[in-house]
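*Asks:* Below are the sequence and a predicted model for it; my questions follow.
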Amino acid sequence: MQFRQPTLTLWILFAILCSLPACTPAIVDSALTDIQAIWTNQPPDAPEEIQQQLVAVDVHYYGFDRKLHQGQVVIHKELAPDIRQLFAVIRETRFPVESVLPIAHPLVQLKGPFGLSPDTNNTSAYVWRPIVGSRTVSLHGLGLAIDFNPRLNPYCKGDLILPPGATYEPTKPGTLTPGSRVVQAFKELGWEWGGDWAEKGKVDYMHFQKIPSQLEPWVKNYRK
Ligand SMILES: [Zn+2]
């Protein structure tokens, strides 16, 4: 009888520990090698010197199925610590994310050449492409921007809405809003949110970007 209470306490402790993410097996959405994630299925004009700056970061998040998933973010190596820290917030606050697949992932490639289809709800960072409606390379093309749940957080400029047919309903789970803990966490680390761009004549709710000060000269090489 004297061992009953400690035994019960141990079982409760064990149950608490096993409810933590580290103990919960994640559904693996993406587990590509660096070669697969960064160097394959890319547009032929993607500059190698940019690809050499990229890393594939393993991240964990809860999907809309409320289950823990593992995906990967291809990002500039200088932003990898931020991405790890931000996905810890995303996981802890259970902000639902549909999927986090590199653009090189076979499931993304199925949607369009080099995975460039705008009709997606996938969360991704690096993709070699220009800014929408421009010839200047997007910060995504330098691995310095990330888009979340595009169908819930569309890009809107005049009549143009991407993904096509998407609507912005701030009360829906997985939507980014000014008061969202996820948006606050990005801003605390110095990231800019596209949801704040109304004065630019557009909003890009899905989009976050950051140019670390040490990379400003490097970015100017590509955005003159
Ligand atoms: Zn973006």
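*Replies:* Now that the structure is in, tell me what you want to look at. Everything quoted here is computed from the prediction, not taken from an experiment. Residues are numbered from 1 along each chain as shown.
*Asks:* Just give me the neighbour total for the closest residue in space to residue 100 that isn't next to it in sequence.
*Replies:* Closest residue to residue 100 apart from its sequence neighbours, by C-beta to C-beta, 6 or more residues apart in numbering: residue 71 at 3.0 Å. All C-beta spots, glycine's among them, are computed from the backbone N, C-alpha and C. Close neighbours of residue 71, defined as other C-beta atoms under 10 Å, add up to 27.
*Asks:* How about the one 5 residues further on?
*Replies:* Under the neighbour criterion other C-beta under 10 Å, residue 76 is assigned a count of 25.
*Asks:* quick one: contacts for the closest residue to it other than its chain neighbours?
*Replies:* Residue nearest to residue 76 in three dimensions, not counting chain neighbours: residue 143, with 3.6 Å by C-beta to C-beta, 6+ apart. Residues near residue 143 by C-beta atoms under 8 Å, 6 or more residues apart in numbering: 50, 53, 54, 74, 75, 76, 79, 125, 126.
*Asks:* just those that are near the ion?
*Replies:* When C-beta under 5 Å from the ion is taken as the criterion, no member of the contacts of residue 143 contacts the ion.
*Asks:* Residue 85: neighbour count?
*Replies:* Around residue 85 there are 12 residues (other C-beta under 10 Å).
*Asks:* Sketch out the low-pLDDT regions of this structure for me.
*Replies:* For the chain, the stretches flagged by pLDDT under 70 are 1-24.
*Asks:* Ramachandran angles for the residue of it found nearest the ion?
*Replies:* Nearest residue of the chain to the ion, counting by C-beta to the ion: residue 207, 3.4 Å away. Dihedral pair for residue 207: phi -100, psi 130, per degrees, to the nearest 10.
*Asks:* partners of it in the sheet?
*Replies:* Assessed by DSSP bridges, residue 207 has beta-bridge partners residue 147.
*Asks:* That one contacts residue 186, doesn't it?
*Replies:* No: using C-beta atoms under 8 Å as the test, residue 207 is too far from residue 186 to be in contact (10.3 Å).
*Asks:* which neighbours do these two share?
*Replies:* Both residue 207 and residue 186 are in contact with residue 193, where contact means C-beta under 8 Å, 6+ apart.
*Asks:* hey, where'd the strands end up in the protein?
*Replies:* Taking DSSP state E as the criterion, the chain contains strands spanning 27-28, 54-62, 68-76, 145-147, 155-157, 160-162, 192-193, 203-204, 207-209.
*Asks:* To residue 134, which of those lies closest?
*Replies:* Proximity to residue 134 (C-beta to C-beta) singles out strand 155-157 among the strands of the chain, at 11.3 Å.
*Asks:* Which strands border the closest one, and is each parallel or antiparallel?
*Replies:* As defined by DSSP bridges, the strand partners of strand 155-157 come to strand 160-162 (antiparallel), strand 203-204 (antiparallel).
*Asks:* Nice, that's everything, thank you.
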